[in-house]
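[1] quick one, fold the following:
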Amino acid sequence: MPGVIIRKNALQIDLRAQGYGKEPLPLSPTPANVRYAERLRLEILGKIERGTFVLADYFPDSPRVPKVEAPPNSRATTTLGDVFTEWLKIKRPEIQHSTADQYQQTLDSYHFDTVRSTPTSQFTFRDLKLLLAGLPENPKTFNNIASVFSMALEYGHLAQMVPEPLHPHIAMRRHQKPQPDPFTLEQVEVLLKSFASARARDYYEFAIFSGMRPSEQIALCWSKVDLHGGTVVVDEALTRGKVKGTKTADIREIELTARARQVLERQRAVTQLAGTRVFVGDDGNAFESTDEPLRRWWKPAMKLSGLRQRDARQTRHTFATVCLMAGITPAWAARQLGHSVEMFYRVYSRWIDRADKGAERRKLDGYISAKPGDMDSKIG
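    Below is the predicted model:
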């Protein structure tokens, strides 16, 4: 077809009669590509006739496309620090404030001091690998830092601030997640007797027998408690001094165990008339973070108890495993904790197996050991 010029390794569309030139099309001259070039030329001629054709849209590398100087805020002068700042600004409305603060602290850390002022156009694959090699060796710490950096780089590339897609080259390191290390009921009683005050003892007794997250427990208000119905609505958490939604952003209603309910009955005389929060410190002030009960109450009690040292997260693990050993269905326990059933099975599979106490195996053994006649009758 006239208007399509076939070269050895490429094609050209001849637009000289329309006031342009022999515009290059970087395609090999196969029959299919030639037919494509012919259709493309007809499309272009139609746009030229209508006055809507823009040469740069079709042939950005044409020598006839005017060269525009890069604006002052182009990639030539955009730094990684600029990318971090813009990404955090975009991200903050989408995430909880505690997560945003964590991202900010990560990108403001000394790990990025040497590259924060580096122009994005000069930050190479080699620079990336050297930076990653300098991060802490601990896999969990490395992943916490590298994952934030990866998200910022991905945004920078999609926003055309970072020319090279470097984020796919950041590989997370495998690490062994700590397994639940719950207390037995006997150990729970030893621990509870080790707290120096009634408020401390009530606080952790409620934690163990309700399964609430620490951030949810310190935010719990009396308006969410129904002692008559034996339920508590969990819809808030307190982190870094601010109230937010729960970790999973879900609202759940938990059923109070007898031990948890007894704690709340005792707390009524202490805090219900004095303020809105159910649990407060020995000084009567509301907690600002989960670090306060941990520092004031948990750590001293653990030392005094003589039990093997464990962190306060084991209160939730204890609730979960006690539920399983009592024969409670995993779905009910997962709902109380605010987990998905899938996550609950993944975390507590070992205790689920123990809670079975061999019942399923005994069913199978009974079936296998049955007499042939008995088996036939069961099948029939």
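[2] all strands of the stretch 251-380 of the chain, in order?
    252-255 (DSSP state E, counting those that start in this stretch).
[3] can you map out the helices along it?
    258-267, 291-293, 299-305, 314-325, 330-337, 341-356, 359-369, 372-379 (DSSP state H, counting those that start in this stretch).
[4] same deal with the stretch 101-250 of the chain?
    125-133, 139-158, 185-192, 198-210, 214-219.
[5] returning to what we had before: out of the helices of the stretch 251-380 of the chain, which one sits most buried?
    A comparison of the helices of the stretch 251-380 of the chain by mean neighbour count, using mean count of other CB atoms under 10 Å, puts helix 314-325 on top with a mean of 22. (Glycine included, C-beta is placed from N, CA and C.)
[6] tell me the strands in the stretch 1-150 of the chain, going along the chain?
    Assigned by DSSP E, counting those that start in this stretch, the strands in the stretch 1-150 of the chain fall at 4-6, 11-14, 22-25.
[7] between those, which one is closest to residue 100.
    Residue 100 sits nearest to strand 22-25 of all the strands of the stretch 1-150 of the chain, at 47.2 Å, using CB to CB.
[8] what comes up buried for the closest one?
    For strand 22-25, the neighbour count (16 or more other CB atoms under 10 Å) marks 23-25 as buried.
[9] could I get these in CSV, plus columns for distance to residue 205?
    Listed next are the buried residues of strand 22-25 as CSV, based on distance: CB to CB, whole Å:
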residue, distance to residue 205
23, 79
24, 78
25, 76
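[10] closest to residue 122 among the residues you listed?
    Using CB to CB, these come closest to residue 122 at residue 24, 30.0 Å.
[11] would you check how far apart the closest one and residue 51 are?
    24 Å (CB to CB, to the nearest Å).
[12] ok, the closest residue to residue 97 other than its chain neighbours - how many residues close by?
    Leaving aside its chain neighbours, residue 97 sits nearest to residue 242 (5.5 Å; criterion: CB to CB, 6 or more residues apart in numbering). By other CB atoms under 10 Å, the residues close to residue 242 number 14.
[13] and for residue 15?
    With other CB under 10 Å as criterion, residue 15 counts 22.
[14] who are the contact partners of the closest residue to it other than its chain neighbours?
    Residue nearest to residue 15 in three dimensions, not counting chain neighbours: residue 23, with 5.8 Å by CB to CB, 6+ apart. By CB atoms under 8 Å, 6 or more residues apart in numbering, residue 23 lies in contact with 12-15, 55, 58-59, 62, 64.
[15] flag every buried residue along stretch 136-144.
    In stretch 136-144, counting by 16+ other CB under 10 Å, buried: 142-143.
[16] ok, which of the helices of the stretch 101-250 of the chain comes nearest residue 4?
    helix 139-158 (35.4 Å).
[17] same for the closest one, what does it pack against?
    helix 80-91, helix 97-107 (3 or more CB pairs under 8 Å, 6 or more residues apart in numbering; DSSP states H and E).
[18] could you export that helix as PDB, CA atoms only?
    Output of helix 139-158 as PDB, limited to C-alpha atoms (Å, rounded to 0.1, in the frame of the first residue of the first chain):
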ATOM      1  CA  PRO A 139      15.000 -10.800  59.000                       C
ATOM      2  CA  LYS A 140      12.000  -9.300  60.800                       C
ATOM      3  CA  THR A 141      13.700  -5.900  61.200                       C
ATOM      4  CA  PHE A 142      15.000  -6.000  57.700                       C
ATOM      5  CA  ASN A 143      11.500  -6.800  56.300                       C
ATOM      6  CA  ASN A 144       9.900  -4.000  58.400                       C
ATOM      7  CA  ILE A 145      12.200  -1.400  56.800                       C
ATOM      8  CA  ALA A 146      12.500  -2.800  53.300                       C
ATOM      9  CA  SER A 147       8.700  -3.200  52.900                       C
ATOM     10  CA  VAL A 148       8.100   0.500  53.500                       C
ATOM     11  CA  PHE A 149      10.900   1.400  51.200                       C
ATOM     12  CA  SER A 150       9.500  -0.900  48.500                       C
ATOM     13  CA  MET A 151       6.100   0.700  48.700                       C
ATOM     14  CA  ALA A 152       7.500   4.200  48.400                       C
ATOM     15  CA  LEU A 153       9.700   3.200  45.400                       C
ATOM     16  CA  GLU A 154       6.700   1.600  43.700                       C
ATOM     17  CA  TYR A 155       4.600   4.800  44.200                       C
ATOM     18  CA  GLY A 156       7.500   6.900  42.900                       C
ATOM     19  CA  HIS A 157       7.800   4.800  39.700                       C
ATOM     20  CA  LEU A 158       4.100   4.700  39.000                       C
END
